[in-house]
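K.L.:
predicted model and sequence below, questions to follow.
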Amino acid sequence: MPASGDEGFMAKVMAWVSGGAAAGAGIAFAQAAIQHPAPATPNYVGKLAMGHAGKLASIAGVFAATDSILTSVRGHSGINQAVAGCASGGVLGAMMGGPQSAAFYCVLFGTLQGAASI
């Protein structure tokens, strides 16, 4: 979502968090369907959906918050998106395995966001 002056900080963050949660739940349902061709139990699908939704919602929230703060301080810039990508990648890496993983995903997401904003 592009930054907009009409949109408040919390509205932008909540929109991204909601989108991340919905995408995470969709990925979990697809994963459950592929991994368990026989009907998967609702308990399994629910746990999988909540896990994926939580991770993607937190990543999206960190990205949106970082991008919004940097845009309000520095103005619109591709560097803001690269830094926000690094921050969200660092959160994902920290959830997945610690400092080395956080550094790797920070560089990966920051590079991808920086390249996408060119």
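P.N.:
Yes, it's here.
K.L.:
quick check: residue 68 touching residue 9?
P.N.:
Yes: counting by Cβ atoms under 8 Å, residue 68 does reach residue 9; the two are 5.1 Å apart. C-beta coordinates here come from the backbone N, C-alpha and C atoms, glycine included.
K.L.:
of the two, which one has the most company?
P.N.:
The neighbour comparison of residue 68 against residue 9 (other Cβ atoms under 10 Å) goes to residue 68, with 21 against 13.
K.L.:
so what pLDDT did that one get?
P.N.:
Per-residue pLDDT puts residue 68 at 91.
K.L.:
how about residue 36?
P.N.:
Note on residue 36: pLDDT of 73.
K.L.:
please renumber so the chain begins at 37
P.N.:
Fine by me, first position is 37 from now on; the one you just mentioned is residue 72.
K.L.:
tell me which element the residue lying closest to it once chain neighbours are set aside falls in.
P.N.:
Counting by Cβ to Cβ, 6 or more residues apart in numbering, residue 72 lies nearest to residue 80, which is 7.2 Å off, once chain neighbours are set aside. Element membership for residue 80, per DSSP states H and E: helix 78-110.
K.L.:
same question for residue 75.
P.N.:
Using DSSP H and E, residue 75 falls outside every helix and strand.
K.L.:
gap between it and residue 69?
P.N.:
10 Å (Cβ to Cβ, to the nearest Å).
K.L.:
can you check residue 118 too?
P.N.:
Distance, residue 118 to residue 69, by Cβ to Cβ: 35 Å.
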